[in-house]
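> Here is a sequence with its predicted model. Questions after.
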Amino acid sequence: MKRAPVLLAVVALLGAVGLALAAGGAGAVPFEGGFAQMDVEPDDVSMAVAVQPDGDAQWTVEYRIRLGTDEEERAFEQLRADVENDTDAYTARFRDRMASTAATAESATGRNMTVSNATVTAERRELPQAYGVLTYRFEWTNFAAVDGDRLRVGDAVDGLFLDGSSSLIVAWPDGYRLGETTPEPSEVREESVVWNGPVDFSAGQPRIAVAPAGPLSGVPTAGLVALFAVLVVAGTTAYRRRNAGDDGGEGVVATDTAVGSETAGSETAASDETAASGESGLGGDGDADTSGESDDEADAAPTVDSDLLSNEEQVLRLIESQGGRMKQKQVAEELDWTAAKTSQVVTGLRDEGDLDGFRLGRENVLSLPEFEPDGDASDEDAESEVGDDAGGSDADGGDGNDAAGSD
């Protein structure tokens with residue numbers, strides 16, 4: 001079969017019919033371009049779509065026919081001369097066809113679309129075989145949907161059909177990254193995806209989503225809003241905690257000598273407490289058991305919502321959750337505060353009469369004013385003696401009875 005006699009007629013039909021493309025459910029048509037009525041088909045039809053950040057797209061449609069004989073070479077040279085001599089006739093027919101396609105897509109998508117700057121060229125290429133290439137280029141405004149800085153491509157050519165000699169290449173702007181695509185492309189490149197025919201895209205296809213490369217790449221707008229809200233809450237929490245820490249670390253005067261020793265003597269506090277509990281008259285073994293029970297209860301204490309309570313409210317709520325009495329050191333540990341900050345808050349509460357305190361061994365014990373321990377009268381007497389001075393010194397030089405009352 002001789003190809004050269006029909007080559008010019010084939011290319012002329014290409015110029016008249018343009019790109020046989022439909023969108024928006026109007027019934028996609030293969031890239032026939034009139035070739036079904038001819039004895040020859042293009043060896044390759046390539047559609048390359050370069051999408052811009054504003055949603056516009058630069059289209060390049062190439063029809064390639066292999067030049068295998070001298071006769072085909074001469075026929076293509078004649079075609080190239082015709083295109084150069086009557087370019088407007090070729091571009092006008094193609095532009096009108098694509099304008100009709102864009103109008104159909106506009107109705108389907110609701111975006112205003114236009115086709116402009118159509119051009120046509122005819123050239124010979126070595127690929128490496130010799131090919132005659134007829135190339136149409138045009139701009140399609142609002143081809144892609146823009147969602148913030150995210151681009152969604154494909155709804156303007158919904159249901160497109162690619163025959164076995166056709167391919168679709170969709171490229172995105174430099175600096176963007178592919179988020180999702182459907183159906184699975186034949187090839188994924190650094191800045192584009194390729195579908196090689198035959199491909200019969202169903203409704204809702206093809207679809208491509210791209211966004212600027214970065215940690216938030218591909219995140220939908222709703223997701224960005226939610227993420228921003230989370231960051232605001234986290235930032236506010238961190239700021240409040242930092243301010244609370246700064247307030248607790250400046251201008252703090254220790255209320256007793258035990259505050260400074262809570263850190264330095266933390267390794268020996270447990271043994272000192274046991275000894276002091278055995279020697280004191282503050283309830284004897286009964287109080288020692290109570291102290292042990294409070295340690296166990298502290299482990300199971302409910303988490304205090306620091307975002308909704310003041311420092312003072314946190315302390316009072318925590319001590320209340322422990323039955324009304326708690327060691328100052330445990331308060332600091334539960335609230336993750338420094339000893340200095342804890343001492344400052346406790347001092348303010350005691351000055352306001354919202355909290356009482358006394359010494360037990362080398363530990364400060366805090367209690368609510370209405371707290372009534374399960375013990376004999378010596379507990380209440382001991383607490384009242386030191387209730388106004390949680391930092392009372394052990395070095396008063398008193399005898400054993402005095403020590404029992406102050407320890």
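It's in.
> And the helices in the protein, which stretches?
Secondary structure of the chain (DSSP state H): helices at 4-17, 70-85, 87-109, 221-248, 257-264, 269-279, 284-299, 311-321, 328-335, 339-351, 377-386, 400-406.
> Was I right to think Thr342 contacts Glu334?
No: using CB atoms under 8 Å as the test, Thr342 is too far from Glu334 to be in contact (9.9 Å). Placement of C-beta: from N, CA and C, glycine included.
> Looking at the two, which has the bigger crowd around it?
Under the criterion of other CB atoms under 10 Å, the comparison of Thr342 against Glu334 puts Thr342 first, with 26 against 21.
> For the closest residue to the more buried one other than its chain neighbours, grab the count of nearby residues.
Nearest non-adjacent residue to Thr342, counting by CB to CB, 6 or more residues apart in numbering: Ala332, 4.1 Å away. Applying other CB under 10 Å, we find 22 other residues in the vicinity of Ala332.
> same thing with Glu370?
Neighbours of Glu370 (other CB under 10 Å): 7.
> backbone phi and psi for the closest residue to it other than its chain neighbours, please?
Leaving aside its chain neighbours, Glu370 sits nearest to Gly324 (7.3 Å; criterion: CB to CB, 6+ apart). For Gly324, the backbone dihedrals (degrees, to the nearest 10) come out as phi 110, psi -10.
> Just list the residues touching Gly324, thanks.
367-368, 370-371 (CB atoms under 8 Å, 6 or more residues apart in numbering).
> Spatially, which two of the residues you listed are the most separated?
By the measure CB to CB, Ser367 and Glu370 form the most distant pair in those, at 9.1 Å.
> so where's this protein uncertain?
Counting by pLDDT under 70, the chain shows low-confidence ranges at 1-41, 214-230, 232-233, 235-307, 373-407.
> one more time with 80
1-42, 127-128, 214-308, 361-362, 371-407 (pLDDT under 80).
> coming back round to it: just the buried members of the contacts of Gly324?
With burial judged by 16 or more other CB atoms under 10 Å, the buried subset of the contacts of Gly324 is 367-368, 371.
> of the residues you listed, closest to Gly197?
Within the buried ones among the contacts of Gly324, proximity to Gly197 (CB to CB) peaks at Leu368, which comes in at 80.4 Å.
> Look up how far Val365 lies from the closest residue to the closest one other than its chain neighbours.
The shortest distance from Leu368 to any non-neighbouring residue, by CB to CB, 6+ apart, is to Gly324 (4.5 Å). To Val365, Gly324 is 11 Å away according to CB to CB, to the nearest Å.
> now Phe143
Shown here: Phe143 relative to Val365, a distance of 75 Å by CB to CB.
> what does Glu139 give?
Glu139 is 81 Å from Val365, where distance means CB to CB.
> More neighbours: which of these two?
Using other CB under 10 Å as the criterion, Glu139 and Val365 rank with Val365 on top: 23 against 15.
> shouldn't the more buried one be in contact with Val346?
No: checked against CB under 8 Å, the pair Val365 and Val346 is beyond contact range at 11.0 Å.
> what touches both of those two?
Common neighbours of Val365 and Val346, using CB under 8 Å, 6+ apart, are 328, 357.
> My guess is Thr91 contacts Val120. True?
Yes: if you go by CB under 8 Å, Thr91 and Val120 touch, sitting 5.1 Å apart.
> so what sits against both of the two?
Shared contacts of Thr91 and Val120 (CB under 8 Å, 6+ apart): Tyr136.
> Which one's more surrounded, those two?
More neighbours sit around Val120 than around the other of Thr91 and Val120, counting by other CB under 10 Å; the figures are 23 against 20.
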